[in-house]
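Peer 1: All I have is the shape, not the residue letters:
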């Protein structure tokens with residue numbers, strides 16, 4: 001696949017503003033920034049870090065509370081793929097403070113499991129786990145849900161190695 005036109009189109013869509021910059025348009029902007037970041041990651045372009053960070057920040061900006069757990073999940077994943085453990089920790093704390101552990105929805109519980117597993121990601125990359133994640137008990141997550149974040153962290157490690165050389 002030719003990633004350059006794909007990335008340029010997503011970057012252009014991120015820059016476009018149609019109407020009011022409301023919650024839904026911010027989510028869409030985050031989505032296209034994430035797509036651009038992934039495309040740049042596939043190219044081995046270091047600018048992937050900027051676009052993945054932009055996606056995470058835009059999803060955070062769009063948060064209005066409630067049960068919109070895909071946004072913290074996306075922000076944590078984008079930060080891990082960008083190699084930004086500090087931001088991933090901040091987004092993990094955000095998910096936990098927003099009540100992901102207490103969520104009745106499977107997606108909310110997945111957000112909690114991902115946030116809790118960040119302590120494992122920290123150990124994998126030689127950084128200490130975040131206090132919120134260390135204290136977190138993800139008893140509500142299913143076994144499959146608990147394994148998924150660990151797989152993501154392993155994928156992030158491989159992506160970092162791919163992007164760096």
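Peer 2: Now that the structure is in, tell me what you want to look at. As the structure is a computational prediction, the values presented were derived from the model and not from experiment. Residues are numbered from 1 along each chain as shown.
Peer 1: So which residues of the protein form helices?
Peer 2: With DSSP state H as the definition, the chain shows helices at residue ranges 3-15, 23-43, 48-62, 70-82, 85-97, 106-124, 131-135, 143-163.
Peer 1: hang on, isn't residue 3 packed against residue 41?
Peer 2: No. Residue 3 is beyond contact range of residue 41, at 9.2 Å (criterion: Cβ atoms under 8 Å). Every C-beta, even on glycine, is put in place using the N, C-alpha and C of the backbone.
Peer 1: Please work out which of the helices of the chain is packed deepest.
Peer 2: helix 70-82 (a mean of 25; mean count of other Cβ atoms under 10 Å).
Peer 1: just how off-centre is that one within its chain?
Peer 2: Offset of helix 70-82 from its chain centre (Cα atoms, centre = their mean, to the nearest Å): 0 Å.
Peer 1: what's the average pLDDT for that helix?
Peer 2: Helix 70-82 carries an average pLDDT of 96.
Peer 1: rank the helices of the chain by pLDDT, which is bottom?
Peer 2: Per-stretch mean pLDDT for those is lowest at helix 131-135 (a mean of 40).
Peer 1: Tell me the residue in this structure that is farthest from the middle.
Peer 2: Here the chain reaches farthest from its C-alpha mean at residue 19, the gap being 26.3 Å by Cα atoms, centre = their mean.
Peer 1: phi, psi of that one?
Peer 2: Main-chain dihedrals, residue 19, degrees, to the nearest 10: phi 80, psi -160.
Peer 1: Which residue, other than its chain neighbours, is closest to it?
Peer 2: Nearest non-adjacent residue to residue 19, counting by Cβ to Cβ, 6 or more residues apart in numbering: residue 25, 6.9 Å away.
Peer 1: Thanks a lot, catch you later.
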